[in-house]
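**Student:** test case, fold it:
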Amino acid sequence: MTHPTTPLWKSKAGIPLLMLLVIGLFYLVREHSTHASQLLPYLILLLCPLMHLFGHHHGHHRHGETDVRKDETRK
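**Tutor:** Residues are numbered from 1 along each chain as shown. Now for the predicted structure:
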């Protein structure tokens, strides 16, 4: 016999817990926004290598392509 489970945000204990979490995040951001704004240029520079790794698909793997160009196969 399985009981239907309710998500955390709809349970009686989950609603106050999520409200406390939102309030805590608000105060955390409010108190530390000056520190985070000073680190923003460094965070952008740290993102550059990650963007190159994940944005360029790790070395341009070509799946299913041949080395022969399409124009050469039509001759």
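
**Student:** point out where the chain drops to low pLDDT.
**Tutor:** 1, 56-75 (pLDDT under 70).

**Student:** what segments of it are helices?
**Tutor:** For the chain, applying DSSP state H gives helices covering 14-55, 57-60, 70-73.

**Student:** turn those helices into TSV, including distance to residue 5 and mean neighbour count.
**Tutor:** Placement of C-beta: from N, CA and C, glycine included. TSV is the format used below for the helices of the chain (distance: least, CB to CB, whole Å; neighbours: other CB atoms under 10 Å):
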stretch	distance to residue 5	mean neighbour count
helix 14-55	12	10
helix 57-60	39	8
helix 70-73	54	8
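
**Student:** can I get these in CSV with distance to residue 8?
**Tutor:** Formatted as CSV, these follow (distance: least, CB to CB, whole Å):
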stretch, distance to residue 8
helix 14-55, 4
helix 57-60, 36
helix 70-73, 54
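
**Student:** which residues sit against stretch 16-23?
**Tutor:** 8, 9 (CB atoms under 8 Å, 6 or more residues apart in numbering).

**Student:** mind doing that once more with 10 Å?
**Tutor:** Applying CB atoms under 10 Å, 6 or more residues apart in numbering, the contact partners of stretch 16-23 are 8, 9, 11.

**Student:** which of those residues has the most neighbours?
**Tutor:** residue 11 (13 neighbours; other CB atoms under 10 Å).

**Student:** so how far is residue 4 from that residue?
**Tutor:** Residue 11 sits 12 Å away from residue 4, going by CB to CB, to the nearest Å.

**Student:** check contacts around residue 46.
**Tutor:** By CB under 10 Å, 6+ apart, residue 46 lies in contact with residue 39.

**Student:** about what we covered before: which one of the contacts of stretch 16-23 is nearest residue 34?
**Tutor:** residue 9 (31.4 Å; CB to CB).

**Student:** what residues are up against the closest one?
**Tutor:** For residue 9, the contact set (CB under 10 Å, 6+ apart) comprises 15, 17, 18.
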